[in-house]
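Enquirer: coords below, sequence missing:
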């Protein structure tokens, strides 16, 4: 805002003071007159009145501005209080809603848990049952047996039970050095079982070579029950020149002498149920002993005895006149084979001979003796320059017709391992 003040100087000149913003300026028009003082006084009074009026207007405007500002502050305070109240109300409502949700969720989970306990875990959807084979076919006809209900088995049609045909199946087992298992199929009541015991190992002593004894054989028509599990044991052939090796399952050890190779006893073949009901056994052959005696041009055999039969075959001995050898006897139906005296037990082989027993061939530990064959009862190991005896066979006649024969199993060979046994089971 600008202001202007007019004055008269003492010589009657007229001066003007003006203010624009913060800048004050003056201009004088010098005029001399006798009444300049009085004129200036009048002008000053007039100017003061004008200034007072301007000041009053400014004060009024300032008061209005202050009033306006006060009103604005009051409005702002009211708005702030309103906002705070609304914010508090919204926060309280949100917290209450969250609490209500958590409470409801906990109640829902508790209800689900209670229902799960009552119902138990839900099992997987069962596969759709096969359509009854027309009641199999009814087995009794009246209700079709009821053929797994098989649509009531067509009521068995005329009430005549249909014959069930089971295809024959053959199962062959060889030496694996472990027992195997076979389950009797549904509808089967008979099994044809053929067993061959393993042969004993051959020998080679000073280039005189002799075979181990052949394994035995057993044949049986056994009565079986569907679902019954058979345990199959197949004998493995006796080794040559491995005095620490036992043919599976329990062939006897051969004796040990440097530069000589004797045969170990062959393993038995056997079928029994997992409930330990023995059905049949084919005995293993005895191992060949070794000899370098030249009597009879080296034709005096030290072969092992055959396995099988009710009594296993005895081992063979070298014949050198007064210094003949001693062989091991074959196993029987109640005991292991008879053992010979051991003349040189600690001279060539410092091991103790292993006695034969149930399902175990005897071990040789003398000068060049062959191991006893495994069997229902094992054969004994050979003594000096003698072959081991063969293990006996066995048949459980309470479970079917059975035949056990000697020497019909795996073949013994000169200067070689004995042939393995085998088992064949045919269901029909």
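Expert: Good, I have the coordinates. Every value quoted in this text rests on a predicted model; they were computed, and no experiment measured them.
Enquirer: so what's the closest residue to residue 256 other than its chain neighbours up against?
Expert: Excluding the flanking residues, the one nearest residue 256 by CB to CB, 6 or more residues apart in numbering is residue 243, at 3.8 Å. Quick note: C-beta positions are derived from backbone N, CA and C, even for glycine. Neighbouring residues of residue 243 by CB atoms under 8 Å, 6 or more residues apart in numbering: 253-256, 262, 264, 349.
Enquirer: again, only this time at 7 Å
Expert: Taking CB atoms under 7 Å, 6 or more residues apart in numbering, we find residue 243 in contact with 253-256.
Enquirer: separation between it and residue 287?
Expert: To residue 287, residue 243 is 10 Å away according to CB to CB, to the nearest Å.
Enquirer: Give me the common contacts of these two.
Expert: Joint contacts of residue 243 and residue 287 (CB under 7 Å, 6+ apart) are residue 254.
Enquirer: Give me the pLDDT value at the residue nearest to residue 256.
Expert: Residue 243 is assigned 90 on the pLDDT scale.
Enquirer: Is it in a helix, a strand, or coil?
Expert: In three-state terms, and counting by DSSP: H, G, I helix; E, B strand; the rest coil, residue 243 is coil.
Enquirer: Distance of it relative to residue 332?
Expert: Residue 243 is 26 Å from residue 332, where distance means CB to CB.
Enquirer: cool, residue 395 as well?
Expert: 14 Å.
Enquirer: Looking at those two, which one has more neighbours?
Expert: Remark: of residue 395 and residue 332, residue 395 carries more neighbours, 24 against 19, as counted by other CB atoms under 10 Å.
Enquirer: for the stretch 301-428 of the chain, what are the low-confidence residue spans?
Expert: Residue ranges of the stretch 301-428 of the chain with pLDDT under 70: 321-323, 342-352, 365.
Enquirer: just so I have it, where are all the strands in it?
Expert: Taking DSSP state E, counting those that start in this stretch to define them, one finds strands in the stretch 301-428 of the chain at 394-395, 400-405, 422-427.
Enquirer: and residue 234, which of those is closest to it?
Expert: Taking CB to CB, strand 422-427 is the member of those nearest to residue 234, at 5.2 Å.
Enquirer: Give me the buried positions along the closest one.
Expert: By 16 or more other CB atoms under 10 Å, the buried positions in strand 422-427 come out as 422-423, 425, 427.
Enquirer: okay if I get those as CSV plus distance to residue 414?
Expert: As requested, these are exported to CSV (distance: CB to CB, whole Å):
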residue, distance to residue 414
422, 22
423, 26
425, 33
427, 39
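Enquirer: Out of those, flag the one nearest to residue 106.
Expert: Within the buried residues of strand 422-427, proximity to residue 106 (CB to CB) peaks at residue 427, which comes in at 62.4 Å.
Enquirer: For that closest one, list the residues it contacts.
Expert: Contacts of residue 427 by CB under 7 Å, 6+ apart are 168-169, 184-185, 188, 191.
Enquirer: Of these, keep whichever come out buried.
Expert: Applying 16+ other CB under 10 Å to the contacts of residue 427 flags 184, 188, 191 as buried.
Enquirer: Can you tell me which of the residues you listed end up in strands?
Expert: Using DSSP state E, the members of the buried ones among the contacts of residue 427 that fall within strands are residue 191.
Enquirer: Just put the buried ones among the contacts of residue 427 in JSON lines and tack on distance to residue 376 and pLDDT.
Expert: Output for those, formatted as JSON lines (distance: CB to CB, whole Å; pLDDT from 0 to 100):
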{"residue": "184", "distance to residue 376": "23", "pLDDT": "97"}
{"residue": "188", "distance to residue 376": "26", "pLDDT": "96"}
{"residue": "191", "distance to residue 376": "20", "pLDDT": "97"}
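Enquirer: Identify the residues contacting residue 226.
Expert: If you count contacts by CB under 7 Å, 6+ apart, then residue 226 has 184-188 around it.
Enquirer: For it, report the pLDDT, please.
Expert: 95.
Enquirer: what's the answer for residue 81, then?
Expert: Value listed for residue 81 in the pLDDT field: 72.
Enquirer: quick one: it is in a strand?
Expert: No: with three-state DSSP as the criterion, residue 81 is helix rather than part of a strand.
Enquirer: And it, how far from residue 75?
Expert: 11 Å.
Enquirer: thinking again about what came up before, just give me the closest of the buried residues of strand 422-427 to residue 218.
Expert: Using CB to CB, these come closest to residue 218 at residue 423, 9.6 Å.
Enquirer: Surely the closest one touches residue 271?
Expert: Yes: taking contacts as CB atoms under 7 Å, residue 423 lies within contact range of residue 271: 6.3 Å.
Enquirer: list residues touching both of the two?
Expert: In contact with both residue 423 and residue 271: 195, 232, using CB under 7 Å, 6+ apart.
Enquirer: Out of the buried residues of strand 422-427, which is nearest to residue 416?
Expert: residue 422 (18.1 Å).
Enquirer: could you measure the closest one against residue 100, distance?
Expert: Distance from residue 422 to residue 100, counting by CB to CB: 80 Å.
Enquirer: on that earlier part again, turn the buried ones among the contacts of residue 427 into CSV, including distance to residue 361.
Expert: Below are these laid out as CSV (distance: CB to CB, whole Å):
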residue, distance to residue 361
184, 31
188, 34
191, 28
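Enquirer: Among the buried ones among the contacts of residue 427, which one lies nearest to residue 199?
Expert: residue 191 (25.8 Å).
Enquirer: who are the neighbours in contact with the closest one?
Expert: 222, 224, 425-427.
Enquirer: One more: residue 413?
Expert: Shown in contact with residue 413 (CB under 7 Å, 6+ apart): 202, 211.
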